[in-house]
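Participant: Give me a model of this one.
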Amino acid sequence: MQNLITLSRSTGTRAWSLAGQKTQMLADKRFAVKGSISKRFVNTRQLTDMDMFQEGLYQKWAMWPYGMHYWYFNVIDVNNSNVYSYILARNQVGTRLNEQWHWLEEDEYVVMAADFSARRFEITETSVAAGEGSLLADGFELRIKENKVFLTFEENSFVFDTLLADSYQMQAMGAYGLYNLNAEGDGVYLIAQNVMKQGPLGPWNWLHFFEDGTYVKVFKVAGLNRKLLLDDEVWQLEDIQDLGESVLYQARREGLYFHLELEKLYTASAEYQPRFSPQWNYHQVGVDLRSVKTNVPEFNTLQKGMGIMELATGLSL
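Facilitator: Numbering: from 1, shown residues only. Sure thing, here's the model as predicted:
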């Protein structure tokens, strides 16, 4: 499939372009949309080489009693219209997930595996071995070597050889830590995250949407200004509208507008409630492109794409 995004514009201060190419993101003035949380409390470092994730992506975190550690893997196969999600999660207290209680031993994690094309979602438990260049669980293996990511789960095997933008390490207020790796290989896209949270879980809207050669990211959470990332360009997110069977993202940048409407497909839902805590609701929604409306010059609005929209509601310890 040919690259469907072609955008070129001179701003008077610099030229910027989107041409469906793979990019490696650097911390420069392109990322000018700032959050409202002070930089004294949020520390972000861009990672521009896959080998820079060797230690952090395998790391296990020390947790407080109501802390949580999880690995999140989202695979979007644009060529074959397949979307997968695989999550390994644990905390230090008994937790109810969809009416089932889990009391985990050391090195045990809950598995939440979703195949959105097959409309299947399962919650199980597994032992996890992390470190020494790999992350291993039952039927799961992740390795980074020779600047490539090798991922196997549920009889699916993928190789990702191109690092995309929005790959970074972040720590916030000593209560949240994140390694976020985005990669691509032969039209298949990967989001791989290693996350630690010691503070509460609240509402968010987190979109991972890919088309052949380009991608859209949105992360809206309380306390941060809203932004939409289109490849390596930051747009100001103006609104997110839930239209029932679809959701509409509206963004602007330097006199341009970008409206992305996505059709909701299969939803994998988890009700998360640690012992003595309120309930937090986590929904992963498979999405397909319904329409793009924009005044960006030469932007092809007939493109095809798919992804996952993470919707979280409620508040939990």
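Participant: only C-alpha atoms for contact and neighbour calcs from this point on.
Facilitator: Noted.
Participant: Show me where the stretch 1-150 of the chain has its strands.
Facilitator: Secondary structure of the stretch 1-150 of the chain by DSSP state E, counting those that start in this stretch: the strands cover 7-10, 15-18, 42-46, 68-77, 82-91, 95-97, 100-102, 108-115, 120-127, 129-131, 134-137, 140-145, 148-153.
Participant: Can you spell out which helices and strands pack onto the fifth one?
Facilitator: This points to strand 82-91. Under the contact criterion of 3 or more C-alpha pairs under 8 Å, 6 or more residues apart in numbering; DSSP states H and E, strand 82-91 touches strand 68-77, strand 108-115.
Participant: Mind doing that once more with 10 Å?
Facilitator: Where contact means 3 or more C-alpha pairs under 10 Å, 6 or more residues apart in numbering; DSSP states H and E, strand 82-91 is packed against strand 68-77, strand 108-115, strand 120-127, strand 188-197, strand 280-294, strand 305-314.
Participant: Pipe the strands of the stretch 1-150 of the chain into JSON lines and attach distance to residue 235, mean pLDDT and mean neighbour count per row.
Facilitator: Converted to JSON lines, the strands of the stretch 1-150 of the chain look like this (distance: least, C-alpha to C-alpha, whole Å; pLDDT from 0 to 100; neighbours: other C-alpha atoms under 10 Å):
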{"stretch": "strand 7-10", "distance to residue 235": "14", "mean pLDDT": "28", "mean neighbour count": "12"}
{"stretch": "strand 15-18", "distance to residue 235": "13", "mean pLDDT": "30", "mean neighbour count": "14"}
{"stretch": "strand 42-46", "distance to residue 235": "19", "mean pLDDT": "76", "mean neighbour count": "15"}
{"stretch": "strand 68-77", "distance to residue 235": "23", "mean pLDDT": "94", "mean neighbour count": "22"}
{"stretch": "strand 82-91", "distance to residue 235": "26", "mean pLDDT": "94", "mean neighbour count": "21"}
{"stretch": "strand 95-97", "distance to residue 235": "36", "mean pLDDT": "90", "mean neighbour count": "19"}
{"stretch": "strand 100-102", "distance to residue 235": "41", "mean pLDDT": "93", "mean neighbour count": "14"}
{"stretch": "strand 108-115", "distance to residue 235": "30", "mean pLDDT": "96", "mean neighbour count": "21"}
{"stretch": "strand 120-127", "distance to residue 235": "33", "mean pLDDT": "96", "mean neighbour count": "15"}
{"stretch": "strand 129-131", "distance to residue 235": "37", "mean pLDDT": "90", "mean neighbour count": "15"}
{"stretch": "strand 134-137", "distance to residue 235": "35", "mean pLDDT": "95", "mean neighbour count": "18"}
{"stretch": "strand 140-145", "distance to residue 235": "32", "mean pLDDT": "95", "mean neighbour count": "18"}
{"stretch": "strand 148-153", "distance to residue 235": "29", "mean pLDDT": "95", "mean neighbour count": "18"}
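Participant: In CSV: the helices and strands packed on strand 82-91, plus distance to residue 205.
Facilitator: CSV is the format used below for those (distance: least, C-alpha to C-alpha, whole Å):
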stretch, distance to residue 205
strand 68-77, 15
strand 108-115, 18
strand 120-127, 20
strand 188-197, 16
strand 280-294, 10
strand 305-314, 5
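Participant: dump the residue contacts of the residue lying closest to residue 138 once chain neighbours are set aside.
Facilitator: Excluding the flanking residues, the one nearest residue 138 by C-alpha to C-alpha, 6 or more residues apart in numbering is residue 126, at 6.2 Å. Residues near residue 126 by C-alpha atoms under 10 Å, 6 or more residues apart in numbering: 88-89, 104, 107-111, 136-140.
Participant: gap between residue 126 and residue 253?
Facilitator: Remark: distance between residue 126 and residue 253 (C-alpha to C-alpha, to the nearest Å) = 45 Å.
Participant: Listing partners with orientation, what would you give for the lengthiest strand in the chain?
Facilitator: In the chain, with assignment by DSSP state E, the single longest strand is strand 256-274. When pairs are called by DSSP bridges, strand 256-274 turns out to pair with strand 95-97 (antiparallel), strand 246-253 (antiparallel), strand 280-294 (antiparallel).
Participant: right, so of these, which gets closest to residue 75?
Facilitator: strand 280-294 (11.5 Å; C-alpha to C-alpha).
Participant: Please pull out the lowest mean pLDDT helix or strand from the protein.
Facilitator: Across the helices and strands of the chain, mean confidence by mean pLDDT, DSSP states H and E is lowest for strand 7-10: a mean of 28.
Participant: quick one: what helix or strand has the nearest residue to residue 220 once chain neighbours are set aside in it?
Facilitator: Nearest non-adjacent residue to residue 220, counting by C-alpha to C-alpha, 6+ apart: residue 205, 5.1 Å away. If you go by DSSP states H and E, residue 205 is part of strand 204-211.
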